Every structure is written in C-alpha cells, then in structure tokens.
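Asker: missing the sequence, but the structure's below:
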C-alpha cells in the first residue's frame, strides 16, 4: 500500500506537471500497489497518474479498480483515451461501468467495441438493471453429456485464457438447455474416456431475470465457484462467478448498513468524498425525518394544557421517545435483514406481528418495571406509574409497527430500508407521546 | 425449497413419532432441499428428521448446514450420534462448529477425531479466535518452483478429491517458505515441461494471526479463489478459500447491520428464534440506552424554570433531539463502515473531525434555514430563531462527535459499532437540549 509520503510526492509531481518524475516514481510498482494509489488519489490526480502507465499495465490496473473510480477516470480522461482499456474488460465489467456513467458517455464507450465483444456486451445490456443477467459473464465454455472427460479437458486447456472460468463447466443439451455442471476437479480425477454425464451433478442455477443479490447469495450459500444463468426456456446464457457474487453481496450489505444508519452509501472512499457529496447522501433523510417530526410538534400541542399543569412531564419526553424509537428500529432492522436473506416475505406479516407483539410485551414489562422502580423515589409514585405503564404499552406497539412496516414496504415494492427508518421513528415518537399523555391524564387526573 | 404444507406434514410425522412415514417423506430429496428443511424446522424436530437420513446423505447435508443449526443438532443428538459426521467435516468447519458449542461438548467431539484429522484440527485451534488462522483450511497441495507443469498437474489429479482446492496452488521453497502461487488454469495452458517458476505469480496472502475479516476482504477485493496463509516466518500454514472468505464477510456484515440497528445479530432464522432469544438480543442495548437517557432528564431539570415560563419550548424537544441524533448516527455508521473496510484508522481522527465539522455546518445551515422559515409563521420569529440557531450549532457538534467516536472506540479496542450507538444518541440528546435551552434563554431573555 502506498504510504502517505508517497501519496504526497505523487500529488506534488502531478501539480508540478512533472511527467518524467511521475513515470520514474510509478515504474516497477505492482498492479495492486497502483490500484491502491489510484483509489487513494483525488479523481483529477488519478487521471494524470493513470495516463503515464504503459498500456498493458494500465489495462491490468483498470480492470481491478472500483467501478466508481473507473467511472471517474472515464469522465476525466474522455472515452477516446480509455476506449482500448474498456474494450479489454470482461463484458459484465463493461456493463457495470456503463451503468455508473452518464448515458451519453456510456454510448460513446460502447462504440469502441466491435464484433463478438460488442455482441457479448449487448447480451448483458439486454437484461434489466439489478438482475443477475446484467452481472453475469456471457462468455463461458460448456460440455455435452456424451463427451468424454478427455475431450472436455482438452477444450478447457485450449480456452484456459479466454473464458472467465474453466473450473465450473455447464453441461448443455441441444438447444443450449442446461442439464448439469461438471467441475474441472471431477474431470481431472476421472478416467479419460468416462462420459461427462457420469461425472456431472445437478446445477445450483439462476434465472437471468432474477434479482442479482438473491442469485449471488445462493452462489455463496452453496459455496459453488460459478452459478450457471439460464433464460425463461432453461437455455444457458451465462455464468455468475463467485468473486462477482461476493462483490454483489458486499455492495448490497454496504447499502443496508448505510440505510440502517439513515443515509445513502458513498460511492468512493470516505476521506476522498467531497463534503458536498457526503451532505447530499445525508440531507434527504434528515429532511424527511424533519418534516415527519413536525407530527410530534402537533401531538404535543394537543397536550399543551396538560404540560402547563405539570411541567415535570416534559422531562421524560426524550427518554420515552428514545426507548420507543429504538425498540421500533431494532424490530425493523431484524425484519429488513430477514427480508434481504429471503427468510420472510410479505405473507409472513401475521407471524411477524405475533412475534413482535410478544417480544415487545416482554421488553415493555422489563423496562416498565425498571422505570417504575427508578422514577418513583425521585418523582413520586404517580409519575413513576405513568412512566412504567407508558413503557409497558408503548414497547409492543413500537416493536410490532417496526416489524411489520418493512413487509408493507416490500409488498408496495419500495426498498424496506429506505422507507422504514423515517416512518418508524416518526410513528413511534408520535404514538409514544399520545400514550404517555393519555396515561398521564388518566393517572394524574389532569 | 420445502413448501409450508411439507413443513407441516414433516412436523406432524415427527410429533406422531412416525419414523417410517418420515423416511418415505424424505426419500429421494436432494441435499439442498434437506438443508432448507432442517434450517426451517425447530431444533428438536430437525434432530428427529436428521436421524432418519441414510449416513452418506446425512454427512453431505450436515456439511452444508449453517453452523448455528449444526450446533443445535449436536446439542440435541449428543456427540456420539454425530461423531462420524463431525469427523468427515473439513478441519476449518470442525473448528468453526466447536467455537459455537459449549466447551464440554466441543471437547467430547474432538475425541471422535484421530491421526491426521486430529492434528489438522489442532493446528487450526492453535490460532486465536477471530484470526484467519482459525478459519483457514490446513490441508492444501503445493508445488516447488523447479517442478514441471506436468508433475504438478499429475499431483493435482491425484489429490483432486482430498484437498479443499486444487485451483490455486501455493508454490513453496525448502522450509515451506511461500514464494508465489500458480493457478491450475496456468498449468493446463502451459507446456508440460515448463517449470512452475515461469508460471507462478506473486501471491495475495495473509498472516495467520491477522484478523479473519481483513484477510477475507482482501481475498474478495482481489478476486482470488484462495489466499495462502503464512506464519511469522513466511512459512505456508494453510489456505483461505473464497467461499469461506465470502461467508466470513457476510457474517461480519450481518453483525454490522444489526448493531447499526442497536441490537445483536440472531444466530438462527428470525421466525424460528424463540421470543426469549430475540428479547435477549435487544434488551441489553435498550437498558444501556435507558440508563444513559437519564442524563437527558437531568439536563431538562436544569431548565425546568425556563420551561415553566414558556411551555411551548417543550413542543420542539422530540423534533430537535431526533434530528441531532440522526445527524450523529449518520456520521457514526459512515465512519464505522470506513473502519471495517480499512479506509480510515484511529490516526485519521483529525481529518475525520475536520470533514464532519464542515459537513455538519452545511447540514445545519440547510436545516436551520428551513426551521426558521417553517416555524416563524406559526410560533413567532423569536421561537423560529431559537430553532434555526439551535440546528445550526447542533448539527456540526453531532456530526463531529458521531464521526470521531468510532475512532476512539477502535483505539480503545472496543467494537466501534457496539460502543457508538448508545453513547452518541445520549450525547447528542443531552448536548442538543443544552444548546436549545441556552439559545432560548438568550434570545427569549428568560
């Protein structure tokens, strides 16, 4: 990894426009080192450094860069300078990069492809964004059930450098219908004239239109090195390799984590992202929260008279809304995660609600008892009872709403993580305050 | 995947103790189907269903089960019944399962191993928990730099069924010092008598004592199928395969997502987890939050007189603490994630603080202006100014504390995700209320 000193010296050379110094500095560095360097540099400096790399090295390095950094390079250098490098990418990586670029630039890049390369990219582009068809590799080698192990091994040897993987080989019938997979390991261990059909096993597969994250999880759960992808008629159209699957799952996890913290994921490394972009990834959520929090102001206005009679009630507002909001968001993140991993779906709403009501009651009983015990000595038994009873009633409601809301979002085809956080925090705050002041009015006789 | 009807019928057969009915029901099912079934059933029912499976099938199925479900089976069936199945697992999977079991049961299981199996398991057990040494496979095939491609290919063919992978082959010198890796693909494409040293490339590697998540991320980032693991003297001790790396990263992401939602991850599928266990995964966090929220009660008590003079100030408490808390947790999840992916470390605290102060000021300026504009027509210019100014001052503080706190936690060797959430929400609530009432006292002259 480049040290801070190296980074500074590269940036100095860039700003001094000292090309020969830069060439000397970057000479003899490994592709991994250069990838780290380019990802650490601001976009403009990275473009200058990239430009001085010799062509074959530039191609290797570009291939390993984060898609967001690739997109920045294309945007800074222009499509003519990166056309050759782009053409040498695998078709799935080409399409992933194009998805990150403005449509105009993507189209210009596509023009640098021709023949088989263009056709492969167009196949992948034909599937909807977010589907596994869009992320698969359309270049693969295959075997027929009646071929001998020797024949297929010879083909694998010949194609070793031309396809994305030769370790998992899909077995297809006439019409390209998938019938199984055979691993290179099985082929090596077999008798040379053993037919493939005796060596192959059932394929863990995906349909091209299927959600890419679902398919990627299946690939990892089953620990297979590549997942054959088929069309609606079970014909083989591509392969999803496990390293691509792992990257898909990681990006999805980054998104889920960011949204559980109520913001959008950043496209580049945090320290390199400009303040403007960080603010943009957060402001929308804060605005939605702020607008919906106006509801809490309205609820409190209803009880302004009660508050005037007993100002001490105001002291516990942040405590109660804090506990309620957390109870709701705990349930929401659990269920959102269970949705993402396909453990539950919208039809499970009654089971989820039943589970959360009971969990919430248990949480409310524990917290309510503690609230009563801790508050009574200081603020009197009446205020203590109000707090205890509010927690007992509030926790099951917050947990249930928190648990069911992601399922409703899913059924309405909204991202559960995006929709749940602002809604649940507002709902829990408002309903908690309603319960609190209703209980207070009843017990304190206000 | 088993349907709900199948699940119910299996559970009926189990509770009727109808073994022959169960055998008939499960006959001819694929291992994948049985894995799904066992993971959907409650632990006791799963144990009964597992027991009726024929031995070779039971072994295949057990190998693919979630570690938590494996542990439940061992706990329910006892170590004698699963001893053989356990012995057939890979050493790294044996150790992962033992880590999930009570020490007593783990020791009993270890007794079912002997000879090379026992030695392999002991090697892995020798590394600290959480290190990559604990998750690697200690069984691997290797090559020497001077061997020919043909020799190594022949060895790979012979060992195809005995080692975890033959696709990435570490190349070692005398004394087992790692000098590179060669892929099976390169060996196949090479001239048969070409020496390995002409085919091998620099290894992306890990040290055995290194954090397993860091090593797993490196494996995925570089898209290598296996990462050689070396000891302090650069001697090869094992391999981390990409499917194990993907599982390590996924488990870590599950943990991060749960903690961003202020609870602990569940060990089993959500709908199968008893209410008691769900409550346990949440209550600790709620208690910590509740206890620290007592601080907000104390802060408000300081301003009880101010509140009595102007009860309307209470209306905005949930809105302000809500926005502040979210600003803080947005910064905290961003930085926690950047820590997890090694983009920042504790020494970057000043850079992070500088970035967050500016982001917070920008957020505060936007939200404060809006607050002033929206509140003034309804509650008067004085209250509007109090709200606007509070947001302007509060957001940079919340963002900075939220951003720096995970770094402090990391430096103090506490899990940033565990430590940050309760601390930040309490700190933001308390400091926000202090700012709010100080600003109010000044502007309203109370």
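Answerer: Alright, I've got the coordinates. Being a predicted model, the structure only gives us computed values, none of them experimental.

Asker: in three-state terms, label the residue in the stretch 301-446 of chain A that chain B sits nearest to for me.
Answerer: Residue of the stretch 301-446 of chain A nearest chain B, by CB to the nearest CB: residue A:333 (2.7 Å). Using the backbone N, CA and C atoms, a C-beta is placed for each residue, glycine as well. Following DSSP: H, G, I helix; E, B strand; the rest coil, residue A:333 is assigned to helix.

Asker: that one: what's it in contact with?
Answerer: By CB atoms under 8 Å, 6 or more residues apart in numbering or on different chains, the contact set of residue A:333 is A:260, B:257, B:258, B:260, B:261, B:262, B:263.

Asker: wait, residue A:34 sits on residue A:54?
Answerer: No: using CB atoms under 8 Å, residue A:34 is not in contact with residue A:54; the gap is 11.1 Å.

Asker: where does chain A dip in pLDDT?
Answerer: A:1, A:417-420, A:422 (pLDDT under 70).

Asker: quick check: domain ranges of it?
Answerer: Here the domain parsing of chain A from automatic domain parsing is A:4-129, A:149-260, A:274-444.

Asker: where's the nearest residue to residue A:71 once chain neighbours are set aside relative to residue B:280, distance?
Answerer: Distances taken as CB to CB, 6 or more residues apart in numbering or on different chains place residue A:100 nearest to residue A:71, at 4.0 Å, with adjacent residues excluded. From residue A:100 over to residue B:280 the distance is 43 Å, taken as CB to CB, to the nearest Å.

Asker: so for the two, which residue has more residues nearby?
Answerer: residue A:100 (18 against 15; other CB atoms under 10 Å in any protein chain shown).

Asker: how near is the more buried one to chain B?
Answerer: Residue A:100 sits 18 Å away from chain B, going by CB to the nearest CB, to the nearest Å.

Asker: got it, and residue A:60?
Answerer: When distance is defined by CB to the nearest CB, residue A:60 is 11 Å away from chain B.

Asker: the helix or strand containing that residue: how far from the chain's middle?
Answerer: Using DSSP states H and E, the element containing residue A:60 is helix A:55-64. Offset of helix A:55-64 from its chain centre (CA atoms, centre = their mean, to the nearest Å): 26 Å.

Asker: also stretch A:339-351?
Answerer: Taking mean C-alpha positions (CA atoms, centre = their mean), stretch A:339-351 and its chain are 19 Å apart.

Asker: also stretch A:102-121?
Answerer: Computed by CA atoms, centre = their mean, the chain-centroid distance of stretch A:102-121 equals 26 Å.

Asker: got it, and stretch A:194-208?
Answerer: The answer for stretch A:194-208 is 30 Å, by CA atoms, centre = their mean.

Asker: give me the contacts around it.
Answerer: Outside stretch A:194-208, the residues that touch it by CB under 8 Å, 6+ apart are A:127, A:131-133, A:136, A:143-149, A:152, A:170-171, A:178-182, A:186-187, A:190, A:214-215, A:218-219, A:222, A:224, A:227-232, A:237-238, A:240, B:30, B:32.

Asker: list the buried residues of it.
Answerer: Neighbour counts over stretch A:194-208 (16 or more other CB atoms under 10 Å in any protein chain shown) mark A:195, A:196, A:199, A:200, A:203, A:204, A:205, A:206, A:207, A:208 as buried.

Asker: quickly name whichever of these is closest to residue A:428.
Answerer: The shortest approach to residue A:428 among the buried residues of stretch A:194-208 belongs to residue A:206, at 38.3 Å (CB to CB).

Asker: what's the first helix or strand after the host helix or strand of residue A:124?
Answerer: Applying DSSP H and E as the criterion places residue A:124 in helix A:115-125. Next in sequence after helix A:115-125, counting helices and strands by DSSP H and E, comes helix A:149-159.

Asker: what about that following helix and chain B, any contact?
Answerer: Yes: Helix A:149-159 is in contact with chain B by CB under 8 Å from any CB of the partner chain, via A:153, A:156, A:157.

Asker: export those to a markdown table and tack on neighbour count?
Answerer: Shown next, in a markdown table, are the residues of helix A:149-159 next to chain B (neighbours: other CB atoms under 10 Å in any protein chain shown):
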| residue | neighbour count |
| --- | --- |
| A:153 | 19 |
| A:156 | 22 |
| A:157 | 14 |
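
Asker: nearest to chain B among these?
Answerer: Taking CB to the nearest CB as the measure, chain B sits nearest to residue A:157 out of the residues of helix A:149-159 next to chain B, at 4.6 Å.

Asker: surely that closest one is in contact with residue B:190?
Answerer: No: counting by CB under 8 Å, residue A:157 sits too far from residue B:190 to count as a contact (9.4 Å).

Asker: contact partners for the most centrally placed residue in chain A?
Answerer: Centroid check for chain A by CA atoms, centre = their mean gives residue A:252 as the closest residue, at 1.3 Å. Going by CB under 8 Å, 6+ apart, residue A:252 touches A:213, A:216, A:340.

Asker: most neighbours of all these, which one?
Answerer: For the contacts of residue A:252, neighbours tallied by other CB under 10 Å; top is residue A:216, 26 neighbours.

Asker: just the element for it, please.
Answerer: Using DSSP H and E, residue A:216 sits in helix A:212-221.

Asker: ditto for residue A:244
Answerer: Counting by DSSP H and E, residue A:244 is part of helix A:242-260.

Asker: quick one: the following helix or strand past that helix near chain B?
Answerer: Sequence order places helix A:275-302 as the next helix or strand after helix A:242-260, per DSSP H and E. Yes: contact of helix A:275-302 with chain B (CB under 8 Å from any CB) involves A:275-276, A:278-279, A:282-283, A:285-287, A:289-290, A:293-294, A:296-297, A:300-301.

Asker: now do the SS call for residue A:22.
Answerer: Assignment for residue A:22 (three-state DSSP): helix.

Asker: not including adjacent chain positions, what is the nearest residue to it?
Answerer: Sequence neighbours aside, residue A:13 is the residue nearest to residue A:22 in space, at 4.6 Å (criterion: CB to CB, 6+ apart).

Asker: for that neighbour, what are its contacts?
Answerer: Contacts for residue A:13 (CB under 8 Å, 6+ apart) come out as A:21, A:22, A:25.

Asker: tell me which element the last one is part of?
Answerer: In this case it means residue A:25. Assigned by DSSP H and E, residue A:25 falls in helix A:19-26.

Asker: buried residues, stretch A:5-15. List them.
Answerer: Under the neighbour-count criterion of 16+ other CB under 10 Å, stretch A:5-15 has A:6, A:7, A:10, A:11, A:13, A:14 buried.

Asker: my read: the second one touches residue A:40, true?
Answerer: In this case it means residue A:7. Yes: counting by CB under 8 Å, residue A:7 touches residue A:40, with 5.8 Å between them.

Asker: quick check, the residue nearest to residue A:22 in a helix?
Answerer: Yes: assessed with three-state DSSP, residue A:13 lies in a helix.
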